[in-house]
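Enquirer: Structure for the following, please:
(chains A, B, C, D, E and F)
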4 protein chains.
Amino acid sequence: MMAIIKDNTILCQLELFRNFGIIEDMKKKDAHKTEQIIEAARAIIIADGAAAVSTTKVAKQVGIAQSNIYIYFKNKDELLISVFQHEQARVKAFFDDHISQKGDLTAQLKAYIDAMGELAMTDWDTMAILEQIKAMPKSPVLTDEALPGSDQRVQGLMQAGIDAGILKNVDPQLHMTAVFSLVRRYSDLVRNHGYPTDFSPVRAMIWDAVSAK
Amino acid sequence: MMAIIKDNTILCQLELFRNFGIIEDMKKKDAHKTEQIIEAARAIIIADGAAAVSTTKVAKQVGIAQSNIYIYFKNKDELLISVFQHEQARVKAFFDDHISQKGDLTAQLKAYIDAMGELAMTDWDTMAILEQIKAMPKSPVLTDEALPGSDQRVQGLMQAGIDAGILKNVDPQLHMTAVFSLVRRYSDLVRNHGYPTDFSPVRAMIWDAVSAK
Amino acid sequence: MMAIIKDNTILCQLELFRNFGIIEDMKKKDAHKTEQIIEAARAIIIADGAAAVSTTKVAKQVGIAQSNIYIYFKNKDELLISVFQHEQARVKAFFDDHISQKGDLTAQLKAYIDAMGELAMTDWDTMAILEQIKAMPKSPVLTDEALPGSDQRVQGLMQAGIDAGILKNVDPQLHMTAVFSLVRRYSDLVRNHGYPTDFSPVRAMIWDAVSAK
Amino acid sequence: MMAIIKDNTILCQLELFRNFGIIEDMKKKDAHKTEQIIEAARAIIIADGAAAVSTTKVAKQVGIAQSNIYIYFKNKDELLISVFQHEQARVKAFFDDHISQKGDLTAQLKAYIDAMGELAMTDWDTMAILEQIKAMPKSPVLTDEALPGSDQRVQGLMQAGIDAGILKNVDPQLHMTAVFSLVRRYSDLVRNHGYPTDFSPVRAMIWDAVSAK
DNA sequence: GATGAATGAGTCTTCATTCAT
DNA sequence: AATGAATGAAGACTCATTCAT
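Expert: A predicted model of the protein is given here:
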């Protein structure tokens, strides 16, 4: 019994100790757990689809109790939203890196198409996850700005292209669809069906589809 | 013995009676139950997605006991496959009506695009269902010839177009993706976002995307 | 429509015809169906145990509608009882063939042991089925005279042996158990574990167990 | 920050408090639930056979929700295995108590027979349960060392007896069957049919069956 | 913060039995 | 005699969520 008391004392001291010093660490630890959970959810989505995500499975994969999920996320939905945003952020970062604001509009548009092509190849999983969550029966993610590249900035770019007479005068969504779906299909063919990794013909298809003349 | 004969007579009369009036109804009811179940499943898919289909919900919607589903379908999977084939048949019928084998290749290809455009508008649900079931986590439908327009015949048409130098020399799947995804997006914009119902600009996008030169 | 009426007429005539002539055939047909059902149940018991018997499976195996089972048997229990009696009859026939009433008591008792040994080898399935049904959770067969060899006649034989001072003065059930369980085990070892097919040591064990002195 | 420290203090006090009083109760409750479930399963097996065990019934008997079973056991099979091992342990303990390694072989063998006799009387349920689970259609318990007394040690004892010329030169399984089945039958007669509780004639039967001369 | 326990609703599936035809 | 349809009950199992500790 004494031993247990001692254990408790030690535990308390540790707790105290922790509180005074390593709060940063704590937060990091917490953040890390959050990260781990999101990562586990990601893995499940990639393996078995978004519908297969369950708190049980996620917790098991992380190695924590099922109920712990609810410490880090209010809901299963909130978890999925976090995963979604996580991937969205990755996409955003990618575009921040790859799209320059300079150059003429045509160059920017072509750069965007190429960037999407590269993204589809390098971050296949990311895109799959975004699609999966969006396509869920009662998706927790409803906003239209969800699809990668379809955020405000890209939509603006497209609109500018239309206004400048570079792109066909149709709803920008159609342009974005042309880019997105062809790029996705191309990366699928390359990844899963041994299609040659030459993006130029696909780039041509897309450009012909969207360009005004 | 007489009794038995009488019984038989009565039986025969009953049989006769049935033939004149109610047999139609009876048979229809039997076949109709199957139909009703499929219809209920359809409705659920349209409303909440394929993952939301459950034997319980389907049965409730039809107004029968849940276990009855298993009289008409071996499995939930079999039910979904039936729904799928049901819709597939609809698509096939549509194309049998709308695509002529005559005319030059270019005309045929353009006719196909227009047919897809019309199909996407008139049979929105059908296409949504096919997509939904195909995209299911562990889809009971695996064959590639599933997506509307991606069956053998269409693929052949595309290949012919490529061989004749009319279409770009890329994997026919890419052509089909261009047609399918733009047409889908267009119909979505029209249906759900008040986009003007003018297919011609979309047709132009598609054609520019796929045509050589 | 006329055709259908005709069909009905023909049907009626056939029915009549049947009633006047081939009642014998009918009965044979019926008996055969009954037999088929019992046979199917037997097969299922042997393969998966008595608990695995279901009207569904039996009907499927026979190739008839599930509900037809209830034409030939009032109950699933009645069916199992029939199977049981079927096998019991087989055992009875075996003993009628193999046990002679003549000879002195010792010879008769030894003959019985040998007969049991042979039965366990030749009619393994039969014995397995009898055991299975008897051991069922809520067995439809409750009577003690069920186990092969434990019927009146055998019990009488044992009692006579006891009275004559040939067998140990214990409850005949114990004698029967000695015979039955050792014989079963022996046949199991032979059938399933490559034990040499020499019954004599087993016969010795049994005889030593039961014989007085 | 202070608040957090206080919380910790309180927490520590609570922890301490727990250690002095209620922790015992708590832990017992947890372990006890497992025990209760096993006990309920036991009761059902004894009353209606192993096939009658269902998660629903077990849960109802314990007074918990059916799904709770799955907190304590991965499977229904795992539950049954646990019940099995539970009983097996009881048997093992019994033999550890009742069988001495000392004395000559003959004495040991006779001691084993007597021990089995006593076990069959005192732990009737235990043996019934072990038999029941072993005999299940698709038993979760497959190992041969399952039957009470048939574990390695007993088999070794038998083999030693054979080698020493004390027991008949037959498969040890046959010896074990002789012991087990006669002892079972005897206890059944005593328990359920008012047979006199004198083991000596049964001991004689068994010994005559197994002994070499 | 972390956990184990609890639960009720839901998942698919099988079954024995009845009934109208 | 034969069948297809119907059904309610039961089967095992999963899940999202809550709560006391």
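Enquirer: Find the residue at the geometric middle of chain A.
Expert: A:E87 (1.5 Å; Cα atoms, centre = their mean).
Enquirer: Find the nearest non-adjacent residue to it, please.
Expert: Using Cβ to Cβ, 6 or more residues apart in numbering or on different chains and skipping residues adjacent in sequence, the residue nearest A:E87 is A:T126, 4.6 Å away. In this view, the C-beta of every residue, glycine as well, is placed from N, C-alpha and C.
Enquirer: these two touch, right, the one you found and A:R90?
Expert: Yes - A:T126 is within contact range of A:R90, at 5.3 Å (criterion: Cβ atoms under 8 Å).
Enquirer: Now do the SS call for A:I64.
Expert: coil (DSSP: H, G, I helix; E, B strand; the rest coil).
Enquirer: scratch that, A:P196 is what I was asking about
Expert: Secondary structure, three-state DSSP: A:P196 is coil.
Enquirer: tell me which element A:G161 is part of?
Expert: Per DSSP states H and E, A:G161 falls inside helix A:152-163.
Enquirer: Who are the packing partners of that helix?
Expert: helix A:105-122, helix A:172-193 (3 or more Cβ pairs under 8 Å, 6 or more residues apart in numbering or on different chains; DSSP states H and E).
Enquirer: got the buried residues for the longest one?
Expert: Spelled out, it's helix A:172-193. Residues of helix A:172-193 classed as buried: A:172-190 (neighbour count, 16 or more other Cβ atoms under 10 Å in any protein chain shown).
Enquirer: Close to chain B as well: tell me which of those residues qualify.
Expert: With Cβ under 8 Å from any Cβ of the partner chain as the criterion, the buried residues of helix A:172-193 include A:Q173, A:L174, A:T177, A:A178, A:S181, A:L182, A:R185, A:Y186, A:L189 near chain B.
Enquirer: of these, closest to DNA strand F?
Expert: For those, the closest approach to DNA strand F (Cβ to the nearest atom of the strand) belongs to A:S181, at 29.7 Å.
Enquirer: thought that closest one was touching B:T177?
Expert: Yes - with contact taken as Cβ under 8 Å, A:S181 and B:T177 are classed as touching, separated by 5.6 Å.
Enquirer: ok so, going back, residues in contact with the helix holding A:G161: which ones?
Expert: Helix A:152-163 has contacts (Cβ atoms under 8 Å, 6 or more residues apart in numbering or on different chains) with A:95, A:105-106, A:108-109, A:112, A:145, A:167-170, A:172, A:175-176, A:210.
Enquirer: and with 6 Å instead?
Expert: Outside of helix A:152-163, the residues within contact range by Cβ atoms under 6 Å, 6 or more residues apart in numbering or on different chains are A:L105, A:L109, A:L167, A:N169, A:P172, A:H175.
Enquirer: Also stretch A:85-92?
Expert: Stretch A:85-92 has contacts (Cβ under 6 Å, 6+ apart) with A:I38, A:T126, A:I129, A:L130, A:P148.
Enquirer: could I get those residues as a markdown table with secondary structure and distance to A:K57?
Expert: Output for the contacts of stretch A:85-92, formatted as a markdown table (DSSP: H, G, I helix; E, B strand; the rest coil; distance: Cβ to Cβ, whole Å):
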| residue | secondary structure | distance to A:K57 |
| --- | --- | --- |
| A:I38 | helix | 14 |
| A:T126 | helix | 21 |
| A:I129 | helix | 16 |
| A:L130 | helix | 20 |
| A:P148 | coil | 26 |
